[in-house]
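Student: Sequence first, predicted model second:
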Amino acid sequence: MDLTTNYLGMTLRSPLVPSASPLSEDIDNIPRMEEAGAAAVVMHSLFEEQLCLERYELNHHLTHGTESFPEALTYFPDSMNFRVGPETYLEHIHQAKEKVSIPIIASLNGSSVGGWTNYAKQIQQAGADALELNIYYVPTDLELTSEQIEQTYIDILTAVKTAVTIPVAVKLSPYFTNMANMAKRLDDAGADALVLFNRFYQPDINLSSLEVEPNVLLSTPHSMRLPLRWIAILSDRLHADLAATSGIHRGHDVLKMVMAGAKITMLCSVLLRHGINHIRVIEQEMREWMQQHEYESIQQIQGSMSQKNCPNPSAFERSQYMRSLATYKPEWAIIHDTSHYFG
């Protein structure tokens, strides 16, 4: 059975790709992912704040105390001239390329246009096969317009595309006034793929310590509905490949995403819950379903249930909203309706 798919110009053995997560911070986990059946690996993210912090700390230590002897400042070059960055991340990419034969996709996480985007070139030189831009952006400025926010995404992508020749994917959130238009703008700006969707981890309030604290909630299969819908809507309307992430836990989830039009599906929460070897389970579930339904390749089903191709395309749009609500019954009502059968 042929599970191969094409993503970012690369032929992958299957649509199963571990996404950026703490798992890849341990370099020994990457060969384990390949052995379990991963078609590629997205490395853990390198954050804009990490690069900016290292530059700030270097400048602080170089100039600390020099205000007592102002002339001493002339012996130090401007901090902006230092090419400072987490060398460990680059070394991880280099080691991963030596340990595995599957593609290694680096991940840069930032929210503004700046010097950190130049780090993309170093990532390419370290051997990464592609780069995923995880633009993690929660605008809180009351004066910031939607047009300015969207332009920031375009500017970041343009800056990175100028710096590298490897394929560049953009990982998006769904929170745009017109998601379809934003996808088209990124496509026109040269994005080689769009990854739908980023999950924002919301903070919580600790009632004991009265502090705001981070609260990571892993996804559930229900989380896949939003990317499923938008991948189906955008499929065959863009040049960029579409990748699905969030809520993919079972082989059936992968197949649904592929039918909607996804080239790959990214796995994170399920691997954190069940371990790296769970990739084998998901692949086996895919193979069993395809065999039962007499499919010989992923290509046969890819995009078959997109908005363009499915028998009921309006189900992806508002026309199904009223029907969904009208036909829904809460579980307690269903139990009440059938209680007379049990005396």
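Tutor: Received, thanks.
Student: Am I right that residue 34 falls within a helix?
Tutor: Yes. Secondary structure assignment (DSSP: H, G, I helix; E, B strand; the rest coil) places residue 34 inside a helix.
Student: what's the closest non-adjacent residue to it?
Tutor: Using C-beta to C-beta, 6 or more residues apart in numbering and skipping the chain neighbours, the partner closest in space to residue 34 is residue 100 (4.6 Å). From N, CA and C alone the C-beta is placed, and that goes for glycine too.
Student: what about the one you found, neighbour count?
Tutor: Residues contacting residue 100 under the criterion other C-beta atoms under 10 Å number 18.
Student: mind checking how far it is from residue 13?
Tutor: 12 Å (C-beta to C-beta, to the nearest Å).
Student: next one: residue 292
Tutor: In terms of C-beta to C-beta, residue 292 sits 22 Å off from residue 13.
Student: The residue nearest to residue 34 touches residue 40, doesn't it?
Tutor: No. With the criterion set as C-beta atoms under 8 Å, residue 100 and residue 40 do not qualify as a contacting pair; they are 9.4 Å apart.
Student: any shared contact partners between these two?
Tutor: Between them, residue 100 and residue 40 have no joint contacts when contacts are counted by C-beta atoms under 8 Å, 6 or more residues apart in numbering.
Student: picking that back up, for residue 267, see how far away the residue nearest to residue 34 is.
Tutor: 16 Å.
Student: so who does the nearest residue to residue 260 once chain neighbours are set aside touch?
Tutor: Nearest residue to residue 260 in three dimensions, chain neighbours excluded: residue 232, at 4.0 Å (C-beta to C-beta, 6+ apart). Contacts here follow C-beta under 8 Å, 6+ apart; on that basis residue 232 touches 260, 261, 305, 306, 307, 310, 316.
Student: Please list only the buried members of those residues.
Tutor: Under a neighbour-count criterion of 16 or more other C-beta atoms under 10 Å, the subset of the contacts of residue 232 counted as buried comprises 260, 261, 305, 306, 307, 310, 316.
Student: now the residues you listed in JSON lines, with pLDDT, distance to residue 5 and secondary structure?
Tutor: Compiled in JSON lines, the buried ones among the contacts of residue 232 are given as follows (pLDDT from 0 to 100; distance: C-beta to C-beta, whole Å; DSSP: H, G, I helix; E, B strand; the rest coil):
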{"residue": "260", "pLDDT": "96", "distance to residue 5": "14", "secondary structure": "helix"}
{"residue": "261", "pLDDT": "97", "distance to residue 5": "12", "secondary structure": "coil"}
{"residue": "305", "pLDDT": "92", "distance to residue 5": "16", "secondary structure": "coil"}
{"residue": "306", "pLDDT": "91", "distance to residue 5": "15", "secondary structure": "coil"}
{"residue": "307", "pLDDT": "86", "distance to residue 5": "20", "secondary structure": "coil"}
{"residue": "310", "pLDDT": "73", "distance to residue 5": "20", "secondary structure": "coil"}
{"residue": "316", "pLDDT": "69", "distance to residue 5": "22", "secondary structure": "helix"}
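Student: Please enumerate the helices of the stretch 101-250 of the chain.
Tutor: For the stretch 101-250 of the chain, the helices defined by DSSP state H, counting those that start in this stretch cover 119-125, 146-163, 179-188, 225-234.
Student: Need the contact partners of the first one.
Tutor: Spelled out, it's helix 119-125. When contacts are defined by C-beta under 8 Å, 6+ apart, helix 119-125 is touched by residues 46, 51, 83, 85, 89-90, 93, 106, 108, 131, 160, 163-166, 168.
Student: of all these, which comes closest to residue 114?
Tutor: Using C-beta to C-beta, residue 51 is the member of the contacts of helix 119-125 that lies nearest residue 114, at 8.8 Å.
Student: any idea how far residue 223 is from residue 311?
Tutor: Separation of residue 223 from residue 311 (C-beta to C-beta) stands at 25 Å.
Student: who's more crowded, these two?
Tutor: With other C-beta under 10 Å as the criterion, residue 223 and residue 311 differ in neighbour count, and residue 223 comes out ahead with 20 against 6.
Student: which one is the more buried one nearest to, not counting chain neighbours?
Tutor: The shortest distance from residue 223 to any non-neighbouring residue, by C-beta to C-beta, 6+ apart, is to residue 247 (3.1 Å).
Student: could you list every residue that touches the one you found?
Tutor: Contact partners of residue 247, counting by C-beta under 8 Å, 6+ apart, are 219, 220, 221, 222, 223, 224, 225, 227, 253, 269.
Student: Drop anything exposed from those.
Tutor: Among the contacts of residue 247, those classed as buried by 16+ other C-beta under 10 Å are 219, 223, 224, 227, 253, 269.
Student: Out of the residues you listed, which is nearest to residue 191?
Tutor: residue 227 (16.2 Å).
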